[in-house]
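Participant: got a sequence here, can you model it:
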Amino acid sequence: MAASDIASEIEQRVIQLCEEFKQGITYQIIQNDMPELKLAQIVEVINKLLANCRIDMLKKDDDVLVFKLRDPGSVHRIKGAEPEEQILFFYAQVVYKIIEECGTQGIWAREIRSRSNLHLNTVEKVLRKLESKKLIKSFNSVAAPKKKTYLLYNLEPDRSLTGGAWYSDQHFDSEFVEVLNQQCWRFLEQRAVRARQVAGGPIAVRNASYVASKDVLKHITELGITKVQLSIDDIETILETLVFDGKAERSVATEGSQGIKIYRAVTSFLPTPTLMTIPCGVCPLIKECDDVGNVTPVKCRYMKEWLQW
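Facilitator: Residues are numbered from 1 along each chain as shown. The predicted model follows:
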């Protein structure tokens with residue numbers, strides 16, 4: 001079946017729904033009746049019906065859009081709004097829903113255009129309107145710093161997009177990471193020194209030298225060396241670099257019904273093999289490293305230094 005025939009069938013079904021629901025139909029009613037339709041198809045059909053004056057668009061008190069068959073004897077419109085503004089309001093509802101579905105991962109303007117079937121200029125106009133009303137916000141991700149990513153105003157972007165605590169204004173803060181690395185190591189070392197005074201033999205000393213990652217986090221927070229709110233995952237990322245360096249050892253302890261990671265300082269008896277000193281092994285952003293973006297071996301100065309060494 002040709003695309004035009006499919007669009008015609010959808011139009012007829014929307015008209016039938018409007019006849020069945022005298023009080024008007026919503027986007028949700030259309031989607032429930034034809035779940036196989038994509039959002040772009042629904043937008044295209046609604047636009048055509050509005051342009052041909054087959055239906056009217058109204059806004060209920062709860063800001064829900066309702067589509068009704070046009071009454072030739074009257075003109076339905078959103079109170080205080082021109083027809084162009086009515087259509088723009090409809091577009092805003094569509095764009096908002098797309099952004100909402102993306103959650104904390106956000107979405108680019110061109111992806112919104114693709115999914116909504118709206119012109120890019122229209123999408124950008126709607127995005128500015130939604131931003132001005134503080135319904136959505138934009139930010140630049142570390143992977144694509146020149147492109148704006150949009151998400152709902154009350155959400156925080158995923159750590160994979162912002163780089164988490166290790167990034168400041170889309171730049172990797174290597175000095176901050178190094179300071180945390182040194183302070184975590186110092187804390188483990190201090191605990192190991194105190195553990196040597198514990199009675200009960202070498203096993204008791206060994207067990208006393210372990211520190212839970214949450215205790216390391218508490219110590220770093222109390223030091224006040226950072227204004228960034230660190231999480232357990234952040235601290236464990238730093239502690240893992242110590243493990244890779246051979247400066248610490250990780251184990252798992254049981255606390256209630258859950259297992260928690262514990263760490264202790266160790267002394268290496270052999271020098272670290274050259275291959276183990278590769279920056280990738282201790283980089284806290286190894287999971288975000290790719291062949292594009294800012295986090296890539298091509299742009300990594302630490303990799304260049306290691307190769308020269």
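
Participant: distance of Tyr153 relative to Gln16?
Facilitator: 37 Å (C-beta to C-beta, to the nearest Å). Just so you know, the C-beta spots here come from the backbone N, C-alpha and C atoms, and that holds for glycine as well.

Participant: with Asp33 instead?
Facilitator: Separation of Asp33 from Gln16 (C-beta to C-beta): 9 Å.

Participant: cool, Arg110 as well?
Facilitator: Using C-beta to C-beta, one gets 35 Å for the distance from Arg110 to Gln16.

Participant: got it, and Val64?
Facilitator: To Gln16, Val64 is 21 Å away according to C-beta to C-beta.

Participant: do Leu58 as well
Facilitator: From Leu58 to Gln16 the distance is 19 Å (C-beta to C-beta).

Participant: more neighbours: these two, which one.
Facilitator: Remark: of Leu58 and Gln16, Leu58 carries more neighbours, 15 against 12, as counted by other C-beta atoms under 10 Å.

Participant: then the more buried one would be within a strand, right?
Facilitator: Yes. According to DSSP: H, G, I helix; E, B strand; the rest coil, Leu58 belongs to a strand.

Participant: before we move on, what SS does the residue nearest to it when sequence neighbours are not counted have?
Facilitator: Closest residue to Leu58 apart from its sequence neighbours, by C-beta to C-beta, 6 or more residues apart in numbering: Val66 at 4.9 Å. With three-state DSSP as the basis, Val66 sits in strand.

Participant: for Val66, grab the count of nearby residues.
Facilitator: Residues within reach of Val66, counting by other C-beta under 10 Å, total 19.

Participant: per-residue confidence for it?
Facilitator: For Val66, the pLDDT comes out at 82.

Participant: can you pull out the helices in the stretch 1-150 of the chain?
Facilitator: Assigned by DSSP state H, counting those that start in this stretch, the helices in the stretch 1-150 of the chain fall at 3-20, 27-33, 39-51, 83-102, 109-116, 120-132.

Participant: make CSV out of those and add distance to Gln197 and mean pLDDT.
Facilitator: Below are the helices of the stretch 1-150 of the chain laid out as CSV (distance: least, C-beta to C-beta, whole Å; pLDDT from 0 to 100):
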stretch, distance to Gln197, mean pLDDT
helix 3-20, 78, 83
helix 27-33, 68, 86
helix 39-51, 67, 80
helix 83-102, 55, 78
helix 109-116, 60, 87
helix 120-132, 60, 89
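
Participant: export the ones you listed to TSV and tack on distance to Glu240?
Facilitator: As requested, the helices of the stretch 1-150 of the chain are exported to TSV (distance: least, C-beta to C-beta, whole Å):
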stretch	distance to Glu240
helix 3-20	53
helix 27-33	45
helix 39-51	42
helix 83-102	30
helix 109-116	34
helix 120-132	38
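
Participant: quick one: which of those helices is nearest Leu161?
Facilitator: For those, the distance to Leu161 is smallest for helix 83-102, at 11.1 Å, taking C-beta to C-beta.

Participant: that closest one versus helix 109-116: what angle between them?
Facilitator: With axes from the mean of the first three to the mean of the last three C-alpha atoms, to 10 degrees as the basis, helix 83-102 and helix 109-116 are set at 100 degrees to each other.
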